[in-house]
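Novice: Take a look and give me a structure for this.
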Amino acid sequence: MSRLFYTEPAGGDWERALPIGNGRLGAMIYGEKTEERYQLNEETLWSGGPMNRINPDARENLPEIRRKIFEGRIPEAERLMKYALTGTPQSERAYQTLGELYLDLMDTVTEPADYERELDLSCALHRVRVKDGKTGITYYRESFASAEADVLVIRLTADCSGSVCVGAMAGRTCFYDSTWQEEDAVYFRGNTAEGGPSFCAGVMAVAEGADVRVTGEHVLVRGAEAVTILVGASTTFREKDPAAAVRERLRRAASIPYETLRAEHVAEYRRWFDACRLELSYDRAKDRMPTDERLKQEEPDNGLLQLYFDFGRYLLISSSRPGCLPANLQGIWNREMSPPWGSRYTININTEMNYWPAESLGLSDCHKPLFELLRRMAENGEKTAADMYGCRGFVAHHNTDIWGDTAPQDMYIPATYWVMGGAWLCTHVWEHYEYTGDREFLQEMYPVLKSAVLFFVDYLVEYEGCYVTCPSVSPENTYILPDGTKGCNGFGSAMDSEILRDLFGQFLQAAEILGETDKAFLEEAREIREKLPPIRIGSAGQILEWFREYGEAEPGHRHISHLYALHPSSQITPDGTPELAKAAGVTLERRLSNGGGHTGWSRAWIINMYARLWDGERAWKNLEALLKKSTLPNLLDCHPPFQIDGNFGAVAAMGEMLLQSGGGRTVALPALPARWPDGKICGICGRGGFRYDMEWRDGRLTELSAEALTDGAATVLCVEDKKYDLFLQRGQRFEWRRE
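Specialist: Modelled structure (predicted):
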């Protein structure tokens, strides 16, 4: 059984609480002994409504900004950018907590004795067991977030008949307007500021062997055999009448026996969770160590790494389902009214990282919410492109929100005026197609790809024989000019050109697959792609970050944007571009030797990069550092503070260490570390439309099977020093065994 477990409650510490979620509703469970507390979230509860934040002075000042940049007058350009390009107002909407659910256990536990809490990842169930030392009665709480019933479910039982007592109350510390009662339920509702969603949440109790009554804002049960508490919530983002929708869900769930609710939840969840399974060899006695103690070991054991892998997939299943919003900076688990960075979608790395494991680790459908948001962004981004830059197509900057806002966020010189957010997200469209071969999806998203390309056809500037972005930043870094001037904005940063090489190339491939006939535009896009600045190597053997070789104000910066070409792209590979791969290795060592990797998500990206360099030992070393330095007791990633991207990036990297695909070839065990001598992975996926099962012993592959997920699945499979051309129809398999 794959589980997180602890012998002490969270003690009011959110960073020790444990998450449950169904993609739309989430809760952090504290697992207290004498009471209980659930911090609640509903995915669409954001701080306000859509806005037009486009600075009306942007377009007329763009030529002057560009002139100053090309003349090297960077401080002047950046000052004008603050005035003319910053959004009005500066900030998008923020994701907010729904509130908290409190369970008063009515002094049933006065002298806690034996205690344990756990999160069972194999069936997405949270459990608490606590024994009262005075009475000898053991009390049990079991909780889950049902996607089938679309409610949170909490079950209270005891090993002594008629011993269950509870008072349940839910609410927000502020910003709710009213409550009302029914015979077995309490509801509260309110509105967020500035035209944002109205919301409603409700708590209902179903008791066995006792009556339910409501007093004030509490639902009360005394002396029951068992109690099931149901929590529902909704907003006007999806429902015209959230109160009616919540009430109907709670009534429907209340009519279903608990055992049926539980069984349906487990069956639905396991269809996701069982799609991919990792097994590493380790000392099974370690499974008896509480998770927080296991995390403190001098060196993480393989069982902990296997648990971390399962936990990462659990988090994606729990925070990103079809029909829901995509996972934000904190998935769906946010305790603040005004959280760090608004708990938005930061699209200069963090949101993209959230979805790195989706395709490869058997959760392709979890990717779909990102594309729904991208469609909203593309519509809004056309106005942003036209009004700010006088360009066709759509553009998005480095942040977006529930409404798909595309104007610049904040007034932060190193990041705000970056125009590549929509372009990077568009590469995920192609990634989904490469894994699934879903032509209908590609046809549906083709206009979005074309719109993104169209913006850059208009936006790019020809300079020294290349097409470059201007203004351009390398998120969120600072360079130093030869005269000592520091700047962030310039032209033609390496990351911009690398993203555009992917975007334009993927668009051209999509056009060919779909039989698009706009030959003039396709030829123009092809010509521009060929004249994008190449990846360059600097005087120290490193990949250059900017168009020219500048000094670095922060050589250990957390962003390593200029290695986008190594990961997530495949423009740099050890077997295809060995000189560039060597330079990428130099770049990583320079970053790390100067203190890089000091945030959780940055370390996760580094693990992926070393995996792509086929350096399993350095990948493992950085995975170890992530667990030691950037992982909270509940295994959530710590930026600090908590951000979920590091969890997703790290489990994606574990997959990359075992299987890599791209550039028409798939490599088995490219970065297997010595500490994983024996193991098995089932259900890992590769580009070209394949699902793989692999087993290895003593560091060598012993068995591999590849199943085609689509007709015409094709790749070159690299197993040690042999290559196999695979071209299979859906359902066909290729089998390999060591002789």
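Novice: Flag the shaky bits of this protein, pLDDT-wise.
Specialist: Of all residues in the chain, those with pLDDT under 70 make up the ranges 1, 173-176.
Novice: Report the separation between the residue minimising distance to the centre of it and Gly331.
Specialist: With distances taken as CA atoms, centre = their mean, Asn354 lies nearest the centre of the chain, 2.1 Å away. For Asn354, the distance to Gly331 (CB to CB, to the nearest Å) stands at 8 Å. Every residue, glycine included, has its C-beta placed from N, CA and C.
Novice: Can you work out which residues contact both of these two?
Specialist: Both Asn354 and Gly331 are contacted by Ser320, Ile644, under the criterion CB atoms under 8 Å, 6 or more residues apart in numbering.
Novice: Give me the three-state assignment for Arg392.
Specialist: Classification of Arg392 using DSSP: H, G, I helix; E, B strand; the rest coil returns coil.
Novice: burial count for it?
Specialist: Using other CB atoms under 10 Å, Arg392 has 14 neighbouring residues.
Novice: tell me the contacts of it?
Specialist: Glu382, Ala385, Ala386, Leu454, Phe455, Val457, Asp458.
Novice: Return the distance of it relative to Ser2.
Specialist: From Arg392 to Ser2 the distance is 50 Å (CB to CB).
Novice: now Ala358
Specialist: For Ala358, the distance to Ser2 - CB to CB - is 20 Å.
Novice: which ones are touching Thr179?
Specialist: Gly171, Val186, Tyr187, Phe188, Arg189, Glu217.
Novice: and the two most separated of these?
Specialist: Arg189 and Glu217 (12.6 Å; CB to CB).
Novice: picking up where we left off before, got the contacts of Arg392 as TSV, with neighbour count, secondary structure and distance to Tyr102 columns?
Specialist: As requested, the contacts of Arg392 are exported to TSV (neighbours: other CB atoms under 10 Å; DSSP: H, G, I helix; E, B strand; the rest coil; distance: CB to CB, whole Å):
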residue	neighbour count	secondary structure	distance to Tyr102
Glu382	19	helix	46
Ala385	27	helix	48
Ala386	18	helix	50
Leu454	21	helix	53
Phe455	24	helix	49
Val457	17	helix	56
Asp458	14	helix	55
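Novice: Closest to Asp287 out of the residues you listed?
Specialist: Nearest to Asp287 among these, with distances taken as CB to CB, is Phe455, at 52.2 Å.
Novice: isn't the closest one right up against Phe394?
Specialist: Yes. With contact defined as CB atoms under 8 Å, Phe455 reaches Phe394; the gap is 5.9 Å.
Novice: Overlap of the contact sets of those two?
Specialist: Shared contacts of Phe455 and Phe394, counting by CB under 8 Å, 6+ apart, come down to Gly381, Ala385, Gly422.
Novice: how about the helices of the stretch 151-300 of the chain, start to end?
Specialist: Listed in chain order, the helices of the stretch 151-300 of the chain (DSSP state H, counting those that start in this stretch) span 242-254, 258-273, 291-295.
Novice: So which residues of the stretch 51-200 of the chain form strands?
Specialist: 99-104, 112-120, 125-132, 138-146, 151-158, 164-171, 178-182, 185-191, 198-208 (DSSP state E, counting those that start in this stretch).
Novice: With distance to Ile535 added, can I get the ones you listed in TSV?
Specialist: Formatted as TSV, these follow (distance: least, CB to CB, whole Å):
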stretch	distance to Ile535
strand 99-104	49
strand 112-120	43
strand 125-132	47
strand 138-146	44
strand 151-158	49
strand 164-171	54
strand 178-182	59
strand 185-191	50
strand 198-208	48
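Novice: first to last residue in stretch 292-309, what's the distance?
Specialist: When the termini of stretch 292-309 are compared using CA to CA, to the nearest Å, they are 16 Å apart.
Novice: Repeat that for stretch 153-171.
Specialist: End-to-end for stretch 153-171, by CA to CA: 17 Å.
Novice: Give me the neighbour count for the closest residue to Met337 other than its chain neighbours.
Specialist: Distances taken as CB to CB, 6 or more residues apart in numbering place Gln96 nearest to Met337, at 5.4 Å, with adjacent residues excluded. Per other CB under 10 Å, the neighbour tally for Gln96 reads 27.
Novice: need the contact list for the closest residue in space to Asp615 that isn't next to it in sequence.
Specialist: Among residues not flanking Asp615 along the chain, Ala671 sits closest, at 6.2 Å (CB to CB, 6+ apart). Applying CB under 8 Å, 6+ apart, we find Ala671 in contact with Tyr610, Ala611, Arg612, Leu613, Trp614, Asp615, Gly616, Ala619, Glu656, Met657, Leu658, Gln660.
Novice: can I get those in a markdown table with secondary structure, neighbour count and distance to Pro75?
Specialist: Formatted as a markdown table, the contacts of Ala671 follow (DSSP: H, G, I helix; E, B strand; the rest coil; neighbours: other CB atoms under 10 Å; distance: CB to CB, whole Å):
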| residue | secondary structure | neighbour count | distance to Pro75 |
| --- | --- | --- | --- |
| Tyr610 | helix | 28 | 37 |
| Ala611 | helix | 30 | 40 |
| Arg612 | helix | 28 | 37 |
| Leu613 | coil | 23 | 37 |
| Trp614 | coil | 18 | 43 |
| Asp615 | coil | 21 | 40 |
| Gly616 | helix | 21 | 45 |
| Ala619 | helix | 26 | 40 |
| Glu656 | helix | 26 | 41 |
| Met657 | helix | 25 | 44 |
| Leu658 | helix | 24 | 48 |
| Gln660 | strand | 26 | 43 |
